[in-house]
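K.L.:
just the structure for this:
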Amino acid sequence: MSRLLSNIARLEAQRACLDRAVTMIGDLAGPVLELGLGNGRTYDHLRVRLPERDIFVFERQVASHPDCVPTPDRLILGDLRETLPAAYARFPQAAALAHVDIATHDRAASERLAVVLAPLLAALMRKGAIIVSELPLPVAHWRALPAPAEAGGGRYHMYQAG
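P.N.:
As a prediction, the model looks like this:
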């Protein structure tokens, strides 16, 4: 598969999982957490799909499209290994949805980071919350959910916090 086709498949899987997650959290109170702003595409998609929700973005450094930059009160800048624990007082087991988009071109390094971040994120998620991630997130009390058929097998992962 060409890199172009692989990227298209990844984006389609991402959209399918996010759209499924949006429907799953309909009655679940709480904010949405976006880990990794990147170009701002998924943040923009989430704010269109969930206009009534508070969406908080965690990012090391903003490099997104100017139309896709969260307001300063919704943007948490810094290393995720530091900003996630610092957010515990603000979002104690409160988030209804998290999208984790932290993968880089170094797959092994990204997977190692995901292992470190998973328990830090878990402390912010309420029971029943949905977590969507390109990378596997090993959290014992999270239940793996099947991704939508249109997501293609194994490209994206979905979990429900227990």
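
K.L.:
buried ones in the helix ranked longest in the chain?
P.N.:
Longest helix in the chain, counting residues (DSSP state H): helix 3-24. For helix 3-24, a neighbour-count test (16 or more other Cβ atoms under 10 Å) marks 10, 12-22, 24 as buried. Backbone N, C-alpha and C define where each C-beta goes, glycine included.

K.L.:
ok, stretch 66-86 next?
P.N.:
The neighbour-count check on stretch 66-86 (16+ other Cβ under 10 Å) flags 68, 69, 70, 75, 76, 80, 83, 84 as buried.

K.L.:
so the first one versus residue 5, what's the distance?
P.N.:
According to Cβ to Cβ, to the nearest Å, residue 68 stands 25 Å off from residue 5.

K.L.:
about what we covered before: pull the most distant pair out of the buried residues of stretch 66-86.
P.N.:
Across the buried residues of stretch 66-86, no pair lies farther apart than 68 and 84, at 21.5 Å, counting by Cβ to Cβ.

K.L.:
where exactly do the strands run in this protein?
P.N.:
Secondary structure of the chain (DSSP state E): strands at 32-35, 55-59, 75-77, 95-100, 125-133, 142-145, 157-161.

K.L.:
and those strands as JSON lines, adding mean pLDDT?
P.N.:
What follows is the strands of the chain, written out as JSON lines (pLDDT from 0 to 100):
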{"stretch": "strand 32-35", "mean pLDDT": "98"}
{"stretch": "strand 55-59", "mean pLDDT": "97"}
{"stretch": "strand 75-77", "mean pLDDT": "97"}
{"stretch": "strand 95-100", "mean pLDDT": "98"}
{"stretch": "strand 125-133", "mean pLDDT": "97"}
{"stretch": "strand 142-145", "mean pLDDT": "97"}
{"stretch": "strand 157-161", "mean pLDDT": "97"}
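
K.L.:
okay, those in JSON lines with distance to residue 111 next?
P.N.:
What follows is these, written out as JSON lines (distance: least, Cβ to Cβ, whole Å):
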{"stretch": "strand 32-35", "distance to residue 111": "15"}
{"stretch": "strand 55-59", "distance to residue 111": "19"}
{"stretch": "strand 75-77", "distance to residue 111": "23"}
{"stretch": "strand 95-100", "distance to residue 111": "12"}
{"stretch": "strand 125-133", "distance to residue 111": "11"}
{"stretch": "strand 142-145", "distance to residue 111": "16"}
{"stretch": "strand 157-161", "distance to residue 111": "12"}
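
K.L.:
thank you kindly, that will do.
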